[in-house]
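**Student:** Here is my input, please return the structure:
(chains A and B, ligands or ions: 2)
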Amino acid sequence: MDAQLSLTVDGTVHSLTVDTRTTLLDALRERLGVISPKKGCDHGQCGSCTVLLDGRRHLTCLALAVAYDGAEIVTADGLAADGLHPVQQAFLDQDGYQCGYCTPGQVCSAVGMLDELKEGHPSHVTEDLVGEIEPSEVEVRERMSGNLCRCGAYPGILAAVCEAARG
Amino acid sequence: MTEQATRPVEARAIGSHHDRVDGPEKVTGRAAYAVEHGEADGVIDPLHVWLVQSTVAKGRVTRVDSAASLAHPGVVAVLDHTNAPRLDDTDNGELAILQDDRVGFRGQIVALVLAETPEAAREGAALVAVGYDQEPHEAELRVDNATYRPDQVNPAMETDTDEGDVDAALASADVVVDQDYRTAYEHNNPLEPHATLAWWGQEGDREVLSMFDSTQGVHGVVQALAPMLGLQPEQVRVRAPYVGGGFGSKGEAHSHVMAAALAARTTHGRPVKLAVTRQQMFALTGYRTATISHVRLGAAADGTLVAIEHAVQEQTSVVREFAEQTAAPTRMMYAAPNRRTSHRLARLDVAVPSWMRAPGEMPGMFAHEVAMDELAVACGVDPIVLRERNEPDIDPESGKPFHQRRLVECLHRGADRFGWEDRPPEPRTTADGDWWVGTGVASATYPAMRSPGNAARVLALGKGRYAVSIGAVDIGTGARTVLTQIAADALDVSPAAIDLAIADTRLPAASVAGGSSGTSSWGTAIVAAAQRFRADHGPSPDAGVETTASAADNPAEEEFAFHSFGAVFAEARVNRWTGEVRVPRLLGVYSVGRVINPMTAHSQLVGGLVMGLSAALFETSYRDARFGHVVTQDLATYHVASHADVLDVDAEWLEESDQVFTPAGGRGIGEIGIVGTAAAVANAAFHATGTRVRSIPITAGELLD
Ligand code: FES
Ligand code: FES
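**Tutor:** Residues are numbered from 1 along each chain as shown, chains lettered A, B, ... in the order given. Ligands and ions are numbered 1, 2, ... in the order given. Below you'll find the predicted structure:
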């Protein structure tokens, strides 16, 4: 069965017809040729397909495209529309990657996560549920744990996210 | 092509920090990996291929009913052993898919579905009904069935060695450690699943197969596939501009690459896209065998070794043999007049094992280095002193002098930085709240290797710029950056003056990105071509002149044994109530020759340490022997280290340069970080708790009282 929908991806509006079995990730990669979100597992287990969906980090492999008519999606590519985003620059400065396959997902996840921190969303390791939350290493590690990096660039990623958090 | 003896390169760009040349592409996701290539690269309107895998471990396919699949909208074709294109050569049992009705392991490819969309291909694959005549299978590695002696072990080492009289020495030794050590089945799990884009076309009067493949070696893919497909090597072109990790699993072509080639053979030029799923990777793209190491160490009361025995049991596949060289490091690590090593395999009806980061050294050094810790405890000697006491004067294996064996310096430098001096000698003496705290050390080693079969081309572009090309692949290591630095210094120009082209079989041949040999092999070919170019064309060449050359053999390899060394220090905290293990500190200190780029090198070494930590605590592919497949076949059940598991992990190195080994002075760094790391963690867990764990992954239950 096919369905009609419209998606705004990195500022461009797309109208497309998708098979209702199509994930948001496949709609982006296979239909729209948007390759920034990567497919590491297709099961919500690695984070490489993370984008910002209506402003929040989201796993596109665990979403059926048909359920997201009208959504606004920003990928790591879109974050760099006007030059590299500070988080991306921090990944370069701190060498937070090797092969680069997890990287766009890590970047989007970090951008979304830093907003969650600012908004005061607590995590499993947050001690004080009321006050402002510091972007400490413990918080960042915990909140980024949905994004696997098999190259093991975690120390660089952590340094990059902490650098970006300091602004 | 010219062969050129190389001279040492003066270090200007090499040895110093250079940003990765492909950084912006990676942080934005613009870098295109194998199946992400599209119209810009001539890939128009591809078909999608989905694999159908056997559901029995052994037997024959009696029936492939594709009617329902072909009736599904979008499905274009179903290929099985009755209608797939024939291969000229079927000796490689892993790659010779769909040529007969035999099933050799569960998960083997038995059919391919081609469809207009990935959704239709996947559904179509589910609709193919395959009948089997099942036969009894053997899929469990046991001490009593691992008795087959292979002719050699990977890559071409002796299966067994025996020197002196091990039994007599053990019988009269003051102290004997006699234990079994086990490592789990592990899957490489690069984050980019294996994937291939393939299409057949015509160039002049010849057919040409073109591929974008997620591989560690483009030329290796051609060498494996071309003869099987009845093609000349020039008729296959493979490119791999970006590869999302490999760790050995993309070192050789696996069966999905042949599946893509065969599928594309039937589409009259239309490209096919084949993306292996994470789950399928657990049967099709290689893995590390589980290992059982029977180790006996005999020593004098002060810990001086008199005998070392390391008898390994592990598995291979009946479909294709791969024998991991688990006892290889035991042959050269420490001095001992009596030494015996052996490898015995169980030949099982299981998926084909292959390379995984530091094959041999990783499981072998886990066993040997935990055994050394046990010996230190038995003798009441500090583990670092024990290792110093057993330093060999020459390589015990080859009898040649080592060139730069600086293990002891690594141990000392790490000890200083880690605060080893304050370590209480007794285990289970430090508690912090609910946590037992301990520290451990292990040695690391990896051979320095330069592979044959490399050449490079230097072309003058004019205005002081040069195009340098070699078919090497950057799987995330930083090869693109590091080879640019080496080319710049070899030509005596700035890195900005180099246009480097890699990862295409139309470029001069390159060996695989494996065995920590990439930078040594490719870099030396580039130096050879650059030095030859300068000799032929001088310092101000005309635009358009070029030289292709390969490096002559290095005569010093006859004279010396070249190995890298390292020392790994770990702190472990073990929760006294739950047995949970945390590793707050992990430090590796290495002697690896010259570090060409400190930034990319640090990342490689830390990445190896992280993978070693992951192996120590999490990774295990659980095989259900009743059915022959791996049950933990995804990233939710096959655990790898995540952000929250990786605390203070750091690596450093001794300042040195090994220009006897390579003109740029490096010895290779890709694997050594994983070697010894699991042993250091296990030794630290022992020091924390007093409980000795002799298998990885270390699980909580083993550490509870
Ligand atoms: S591809 Fe979506 S989480 Fe792995
Ligand atoms: S950079 Fe390779 S998986 Fe993270």
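**Student:** which strands and helices sit next to the lengthiest helix in chain A?
**Tutor:** In chain A, with assignment by DSSP state H, the single longest helix is helix A:103-118. Secondary-structure packing of helix A:103-118 (3 or more CB pairs under 8 Å, 6 or more residues apart in numbering or on different chains; DSSP states H and E): strand A:50-53, strand A:56-59, helix A:76-79, helix A:86-93, helix A:137-143, helix A:154-166, helix B:23-28. Bear in mind the C-beta positions are built from the backbone N, C-alpha and C, glycine included.
**Student:** For ligand 1, find the nearest of these.
**Tutor:** strand A:56-59 (4.6 Å; CB to the nearest ligand atom).
**Student:** Would you mark the buried spots in that closest one?
**Tutor:** By neighbour count on 16 or more other CB atoms under 10 Å in any protein chain shown, the buried set for strand A:56-59 is A:57-59.
**Student:** Stretch A:108-127 now?
**Tutor:** Buried-residue list, stretch A:108-127, by 16+ other CB under 10 Å: A:108-114, A:117, A:123, A:126.
**Student:** Out of those residues, which is nearest to ligand 1?
**Tutor:** A:Ser109 (10.3 Å).
**Student:** List the contacts of that closest one.
**Tutor:** A:47, A:50, A:57, A:144, A:146-147 (CB atoms under 8 Å, 6 or more residues apart in numbering or on different chains).
**Student:** hmm, the longest helix of chain A touching ligand 1?
**Tutor:** No: using CB under 6 Å from any ligand atom, helix A:103-118 never reaches ligand 1; the gap is at least 7.6 Å.
**Student:** what's the answer for stretch B:271-284, then?
**Tutor:** No: using CB under 6 Å from any ligand atom, stretch B:271-284 never reaches ligand 1; the gap is at least 7.8 Å.
**Student:** Endpoints of that stretch, how far apart?
**Tutor:** End-to-end distance for stretch B:271-284, by CA to CA, to the nearest Å: 22 Å.
**Student:** before we move on, back to that, the contacts of A:Ser109 into a markdown table, with extra columns for distance to B:Glu140?
**Tutor:** Formatted as a markdown table, the contacts of A:Ser109 follow (distance: CB to CB, whole Å):
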| residue | distance to B:Glu140 |
| --- | --- |
| A:Gly47 | 34 |
| A:Thr50 | 39 |
| A:Arg57 | 43 |
| A:Met144 | 38 |
| A:Gly146 | 35 |
| A:Asn147 | 36 |
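**Student:** Quick check: residues of the stretch 151-300 of chain B near chain A?
**Tutor:** B:189-193, B:242-245, B:247, B:275, B:277-278 (CB under 8 Å from any CB of the partner chain).
**Student:** lowest-confidence helix or strand of chain B?
**Tutor:** Sorting the helices and strands of chain B by mean pLDDT, DSSP states H and E puts strand B:2-4 at the bottom, at a mean of 94.
**Student:** Identify the residues contacting it?
**Tutor:** B:528-529, B:531-532, B:547-552.
**Student:** Check which strands are paired with it and give the direction for each one.
**Tutor:** strand B:546-551 (parallel) (DSSP bridges).
**Student:** and the next helix or strand after the partner strand, which residues are buried?
**Tutor:** Counting by DSSP states H and E, the next helix or strand C-terminal to strand B:546-551 is helix B:556-559. Buried positions in helix B:556-559, judged by neighbour count with 16+ other CB under 10 Å: B:Glu557.
**Student:** Run a quick neighbour tally on residue 128.
**Tutor:** No chain specified, so I'll use chain A. 9 (other CB atoms under 10 Å in any protein chain shown).
**Student:** that's the wrong chain, I wanted chain B
**Tutor:** 22.
**Student:** Stretch B:62-78: which residues count as buried?
**Tutor:** So, applying 16+ other CB under 10 Å, buried residues of stretch B:62-78: B:64, B:66, B:69-70, B:72, B:74-78.
**Student:** wait, I meant stretch A:70-81
**Tutor:** So stretch A:70-81, judged by 16+ other CB under 10 Å, has buried residues A:71-80.
**Student:** do the same with stretch B:47-61
**Tutor:** Buried residues in stretch B:47-61 (16+ other CB under 10 Å): B:47-59, B:61.
**Student:** In helices, which of those fall?
**Tutor:** Per DSSP H, the buried residues of stretch B:47-61 never map to helices.
**Student:** separation between B:Leu586 and ligand 2?
**Tutor:** B:Leu586 sits 18 Å away from ligand 2, going by CB to the nearest ligand atom, to the nearest Å.
**Student:** Isn't that residue up against B:Gly608?
**Tutor:** No: here B:Leu586 does not reach B:Gly608: they are 10.8 Å apart, not a contact under CB atoms under 8 Å.
**Student:** Now for these two: what residues contact both?
**Tutor:** Counting by CB under 8 Å, 6+ apart, the residues touching both B:Leu586 and B:Gly608 are B:Thr677.
**Student:** more crowded one of these two?
**Tutor:** Set B:Leu586 next to B:Gly608 and count neighbours by other CB under 10 Å: B:Gly608 wins out with 32 against 27.
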